[in-house]
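Got a predicted structure plus its sequence, pasted below:
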Amino acid sequence: MTDRYAVIGNPIAHSKSPRIHAAFAAQTGQDMQYDALLGRLDGFAETVRDFARNGGRGLNVTIPFKLEAHALAHERSARAEAARAVNTLVFEQGRIIGDNTDGAGLVQDLTHNLGLTLKGARILLLGAGGAARGVILPLLQLAPTSLCIANRTVARAQELQHEFAPRATSMGHNCALIGCGYDDLAGQSFDVVINATAASLSDDAPPLPAGLYAPHAAAYDMVYGKGRTPFLQQAAADGAEILADGLGMLVEQAAEAFTLWRGVRPNTAPVLQTLRAELSVS
Ligand code: ATR
């Protein structure tokens, strides 16, 4: 019997995940089916259990169910615990295992696809919501010199600093972890600036001071779209040398989930190339 997988979210009609996973399956010769599942806002757990009962082997979870998926899982990976959110479920002998591949997806895109060296880098992470939380641990693991988390609501950035400080210390890299507001960034410069705020979704950008980008610095927006997001426009004007949106992160987090389910790692480059070409003509 063909193994069944799906992405569950609400809304879900425009999800690119079914196409990404179909391409991975074709490329690696895996016999699997991957659909899009519209989750009921008041019935997420029920839909997941039904899917598993009917032979489902795994799910990707997207907005707005990542926190519910975290609560539903019987077991969670360390990275899902740190993110407090789950984007990948594995069904194994009646048990639900939760993982989070978003951070690994970002790191793979930054280091492999964009060729950035994050060891020793000064990283600025914008935002302190779920998207930011999910990438802090994977970024710290790359041994940057500093990771500065800046947010509109300063207290939320400081909470993340306090929560993750013991992890940063225990890794032994001497990475300075800072939580602050946007005004506090004046006069500082960074090698990589990552936008994990929801500002791009409302065609907005965080109010950043000028002069943030060190020579050869990169700007990365977790959101993707047809043209440059307001954050990337601002970064270009402020001298960032490398500009990237989150399409690569989307494909890489999918590859990480696929590898978890099927034990074989797909080649992401041709899939990313196809999606990028489509986006530019849409
Ligand atoms: P997500 O799970 O997508 O991270 P979230 O938990 O609601 O969603 O967090 C949204 C993040 O985007 C927050 O950091 C938020 O800043 P506040 O904590 O101050 O609310 C940030 N954000 C949203 N719209 C923004 C805007 N227009 N400018 C700057 N930051 C914005």
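Nice, thanks for sending it over.

Quick check: residues of the stretch 101-250 of the chain near the ligand?
127-132, 151-153, 156, 197-199, 202, 204, 206 (Cβ under 6 Å from any ligand atom). Glycine gets a C-beta too; all of them are placed from N, C-alpha and C.

how about stretch 82-92: buried residues?
Neighbour-count burial for stretch 82-92 flags 82, 83, 84, 85, 86, 87, 88, 89, 90, 91 (criterion: 16 or more other Cβ atoms under 10 Å).

Which among the residues of the stretch 101-250 of the chain next to the ligand count as buried?
The buried subset of these (16+ other Cβ under 10 Å) comprises 127, 128, 130, 131, 132, 151, 156, 197, 199, 206.

and the two most separated of these?
130 and 206 (16.4 Å; Cβ to Cβ).

Excluding chain neighbours, what is closest to whichever residue of the chain sits closest to the ligand?
At 2.0 Å from the ligand, residue 129 is the closest residue in the chain, using Cβ to the nearest ligand atom. Among residues not flanking residue 129 along the chain, residue 198 sits closest, at 6.8 Å (Cβ to Cβ, 6 or more residues apart in numbering).

which residues are in contact with the longest strand along the chain?
Determined from DSSP state E, the single longest strand within the chain is strand 213-221. Outside strand 213-221, the residues that touch it by Cβ atoms under 8 Å, 6 or more residues apart in numbering are 106, 109-110, 114, 116, 122, 189-195, 200, 229, 231-232, 235-236, 238-246.

now swap in stretch 47-63 and tell me
By Cβ under 8 Å, 6+ apart, stretch 47-63 touches 1, 3-10, 12, 15, 17, 32, 37, 39-40, 69, 72, 86-91, 96, 254, 257, 260-261.

Can you get me a residue count around residue 143?
15 (other Cβ atoms under 10 Å).

coming back round to it: out of the buried residues of stretch 82-92, which sit inside helices?
Secondary structure from DSSP state H places 82, 83 of the buried residues of stretch 82-92 in helices.

that older thread, please indicate which of the contacts of stretch 47-63 are buried?
By neighbour count, with 16+ other Cβ under 10 Å, the contacts of stretch 47-63 hold 3-9, 12, 15, 17, 32, 37, 39, 69, 72, 86-91, 96, 254, 257, 260-261 as buried.

Contacting the ligand as well, which ones from these?
Of the buried ones among the contacts of stretch 47-63, not one also sits near the ligand (Cβ under 6 Å from any ligand atom).

Inside strands: which ones of the residues you listed?
3-9, 32, 37, 88-91, 96.

how close does residue 114 get to residue 156?
Taking Cβ to Cβ, to the nearest Å as the criterion, residue 114 is separated from residue 156 by 28 Å.

actually residue 16, not the one I typed
From residue 16 to residue 156 the distance is 30 Å (Cβ to Cβ).

and the closest residue to residue 61 other than its chain neighbours, what does it touch?
Spatially, and ignoring its direct neighbours in sequence, residue 61 is nearest to residue 69 (4.2 Å; Cβ to Cβ, 6+ apart). By Cβ under 8 Å, 6+ apart, the residues touching residue 69 are 44, 48, 59, 61, 85, 86, 87, 89, 98.
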